[in-house]
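*Asks:* Attaching a predicted model along with its sequence, questions to come.
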Amino acid sequence: QVHLVESGGGLVQPGGSLRLSCAASTRFNIFRMGWYRQAPGNQRELVATITRGGTITDGDFVKGRFTVSIDNAKDTVYLQMSSLKPEDTAVYYCYTFVIRTTPTGIRNEDYWGQGTQVTVSS
């Protein structure tokens with residue numbers, strides 16, 4: 001299957017920075033990795049995803065504050081967050097989209113990490 005290990009969450013003051021990392025262990029073909037987040041009482045929302053080829057999709061709130069990157073050799077995705085605001089407080093979930101070849105054909109599957117807490121507070 002796919003095993004995702006996240007790291008880098010924590011408590012940071014407003015205006016500060018954090019870097020999240022997520023390493024994938026899998027024998028499947030990873031097409032895209034990235035991050036979603038969920039604050040209490042809210043739905044899970046897209047932060048940013050990136051394909052192995054470098055195509056990025058991100059949420060409107062990112063606005064240059066967050067940068068997603070991928071190390072294809074390590075199957076690891078990063079999220080560099082800066083100018084953090086209290087409203088960025090949420091559980092951040094690593095996400096990966098894989099393509100599997102099975103005896104019955106091609107399957108596309110989503111996998112999620114356990115989540116890492118990011119708290120922005122003074």
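*Replies:* That came through fine. Keep in mind the model is a prediction, meaning the values are calculated, not measured. Numbering: from 1, shown residues only.

*Asks:* List the buried residues in stretch 68-78.
*Replies:* Within stretch 68-78, the residues scored as buried using 16 or more other CB atoms under 10 Å are 68, 70, 75-78. Using the backbone N, CA and C atoms, a C-beta is placed for each residue, glycine as well.

*Asks:* Quick one: residues in contact with that stretch.
*Replies:* Contacts to stretch 68-78, defined as CB atoms under 8 Å, 6 or more residues apart in numbering, come from residues 19-26, 30, 33-35, 47-52, 54, 56, 58, 79-80, 94, 96.

*Asks:* re the thing from before, go through the buried residues of stretch 68-78 and say which is closest to Lys85.
*Replies:* When those are compared for distance to Lys85 (CB to CB), Val68 comes out closest, at 17.9 Å.

*Asks:* Now do the same contact list for the residue lying closest to the closest one once chain neighbours are set aside.
*Replies:* Distance criterion CB to CB, 6 or more residues apart in numbering; nearest residue to Val68, sequence neighbours excluded, is Ala48 at 3.9 Å. For Ala48, the set of contacting residues under the criterion of CB under 8 Å, 6+ apart consists of 34-35, 56-59, 62, 66, 68, 79.

*Asks:* give me the beta-bridge partners of Ala48?
*Replies:* With DSSP bridges as the criterion, Ala48 is bridged to Trp35, Asp58.

*Asks:* Next, name the residue at the spatial heart of the protein.
*Replies:* Trp35 (2.0 Å; CA atoms, centre = their mean).

*Asks:* Is that residue in contact with Thr49, as I believe?
*Replies:* Yes. Contact criterion CB atoms under 8 Å: Trp35 and Thr49 qualify, at 7.4 Å.

*Asks:* which residues are common contacts for those two?
*Replies:* Counting by CB under 8 Å, 6+ apart, the residues touching both Trp35 and Thr49 are 68, 95.

*Asks:* What subset of the contacts of Ala48 is buried?
*Replies:* Looking at the contacts of Ala48 with 16+ other CB under 10 Å, the buried ones turn out to be 34-35, 58, 62, 66, 68, 79.
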